[in-house]
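S.K.: sequence-free structure coming up:
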C-alpha cells in the first residue's frame, strides 16, 4: 500500500482486479447467491461474467446480501494489526445499508487498536462511477494527500461523479421493484428504454422514458454534454460499464468520443459486476463522468 494508510473500497466499484492492484486500492467483496449457491464477488475471477450473465439469461435465481460487521472486521483487522490506518469508501447508502455494518466493525476494532484510525465515507456512488471516484482518490493519495484531507475531499466532491444508465431488458428492474410491473410491462411492449441516474442522495431514479436504444444512447450523451465539467470541452476520464451488452457500450463510447473531441483518454469500458448485475440483469449500459454537483 502506498503512503501510511490503506485506500479501500468494495467490489461494487466494477473495475478489474488488475486495475485495483495497479492503483494500490484494496477491496472487500459482497456475497451473492446464484441458484442457491453462495459466491463472493471477486470481480469475475471465480465466476466469469460471461457465465454469470448466461445463467441470468437462462432464468437463474439470484440474491445479494450485505457485508456484515464480522466480515468487515475480518477485512479491516489485518491492516490495523500491521500498523496501517484505513480510508474505506462504501457503496451508496441509497442502495444498501451496509455502511452501518462497517461502522459497527470500526467501533469494535478501535477498542482493540486505539492508536489506529478507520475513516468511512459513504460514496453515494455505484458501479464504475464508484470506480471513477476511487481512481481520482488514488491520484490524490499518490500526490501526497493525507488520509484526513483525502476523506474530506471525497465528502466534498463525491456528488460530482455523474451516473447515467439505461437498460434494454427491464426484467430485473421490475423484479427488484425499481420499476413498477405495470410500467415495465408497458415499456417492454413499446420498446421503451428508461434513462436513469443516481441522485444526489445516491438512489437509483428513472428520469425519462425514451423509445428505442439509439435514442436513449444519444440522451445519455446529451446529459454528459449538459453536466460535464466544461461541457463539450471536457477533458477528464469517462468510464462506461455494461451487463452482457458490450455492443451498446461500444456505441455509447463512440458517441462520447465524437461529441467530446478533447478527451485525453478514450472512454474505459468495464463489466457490471455480479453484485449489481444481480439487480440489473443483462442489457444495462452506464456512463460515468465528472461534472457539476448532482442536485435533484
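M.R.: Cool, got the structure. Keep in mind that this is a model prediction, so the values were computed, not measured.
S.K.: residue contacts, residue 112?
M.R.: When contacts are counted by C-beta atoms under 8 Å, 6 or more residues apart in numbering, residue 112 touches 77, 80. In short, each C-beta sits where N, CA and C put it, glycine included.
S.K.: could you pull out the helices in the protein for me?
M.R.: Taking DSSP state H as the test, the helices found in the chain are 17-22, 49-57, 69-81, 98-112, 127-142, 147-157, 171-175, 181-190, 213-227, 246-259, 274-280.
S.K.: so how far is the fourth one from its chain's centroid?
M.R.: Between the centre of helix 98-112 and the centre of its host chain there is 23 Å, according to C-alpha atoms, centre = their mean, to the nearest Å.
S.K.: buried stuff in it?
M.R.: For helix 98-112, the neighbour count (16 or more other C-beta atoms under 10 Å) marks 98-99, 101-102, 105-106, 109 as buried.
S.K.: what do you get for the third one?
M.R.: Using 16+ other C-beta under 10 Å as the burial criterion, the residues of helix 69-81 that qualify are 69, 71-73, 75-76, 79-80.
S.K.: surely residue 167 and residue 284 touch.
M.R.: Yes - at 4.3 Å, residue 167 counts as touching residue 284 under the criterion of C-beta atoms under 8 Å.
S.K.: please identify the deepest-packed of the helices of the chain.
M.R.: Stretch with highest mean neighbour count among those: helix 274-280 (a mean of 26; mean count of other C-beta atoms under 10 Å).
S.K.: hmm, who's touching it?
M.R.: 11-12, 14, 30, 32, 34, 39, 41, 44, 47, 49, 52-53, 56, 62-64, 126-127, 167, 172-173, 176, 178, 243, 272.
S.K.: surely residue 123 is in contact with residue 89?
M.R.: Yes - counting by C-beta under 8 Å, residue 89 is a contact partner of residue 123 at 4.5 Å.
S.K.: between those two, what contacts are shared?
M.R.: 9, 130, 133, 154.
S.K.: make a markdown table out of the residues you listed and add pLDDT.
M.R.: A markdown table is the format used below for the shared contacts of residue 123 and residue 89 (pLDDT from 0 to 100):
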| residue | pLDDT |
| --- | --- |
| 9 | 98 |
| 130 | 98 |
| 133 | 98 |
| 154 | 98 |
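S.K.: where does pLDDT dip in the chain?
M.R.: For the chain, applying pLDDT under 70 flags the ranges 1-3, 170-191.
S.K.: if I look at the residue nearest to the spatial centre of it, how far off is residue 243?
M.R.: Centroid check for the chain by C-alpha atoms, centre = their mean gives residue 127 as the closest residue, at 1.7 Å. The gap separating residue 127 from residue 243 is 10 Å, by C-beta to C-beta, to the nearest Å.
S.K.: need the residues touching each of those two.
M.R.: Here residue 127 and residue 243 share the contacting residues 272, 276, scored by C-beta under 8 Å, 6+ apart.
S.K.: redo the shared contacts of residue 123 and residue 89 as JSON lines? Include distance to residue 93.
M.R.: Formatted as JSON lines, the shared contacts of residue 123 and residue 89 follow (distance: C-beta to C-beta, whole Å):
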{"residue": "9", "distance to residue 93": "15"}
{"residue": "130", "distance to residue 93": "12"}
{"residue": "133", "distance to residue 93": "14"}
{"residue": "154", "distance to residue 93": "14"}
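S.K.: and stretch 31-51, what's buried?
M.R.: Buried residues in stretch 31-51 (16+ other C-beta under 10 Å): 31-32, 34, 39-41, 43-44, 47, 49.
S.K.: and stretch 201-213, by the same measure?
M.R.: So stretch 201-213, judged by 16+ other C-beta under 10 Å, has buried residues 202-204, 206, 208, 210, 213.
S.K.: with stretch 63-70 instead?
M.R.: 64, 66-67, 69.
S.K.: strands - which of those residues land there?
M.R.: residue 64 (DSSP state E).
S.K.: hmm, back to that, which one of the buried residues of stretch 31-51 sits closest to residue 144?
M.R.: Using C-beta to C-beta, residue 43 comes nearest to residue 144 of the buried residues of stretch 31-51, at 28.3 Å.
S.K.: quick one: contacts for that closest one?
M.R.: Neighbouring residues of residue 43 by C-beta under 8 Å, 6+ apart: 11, 14-17, 20, 27, 29, 273.
S.K.: out of the buried residues of stretch 31-51, who's nearest residue 161?
M.R.: Among the buried residues of stretch 31-51, and counting by C-beta to C-beta, the member closest to residue 161 is residue 43, at 19.5 Å.
S.K.: PyMOL command to pick out the buried ones of the contacts of residue 43?
M.R.: Listed next is the PyMOL selection for buried residues among the contacts of residue 43, using 16+ other C-beta under 10 Å:
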select buried, resi 11+14+15+16+20+27+29+273
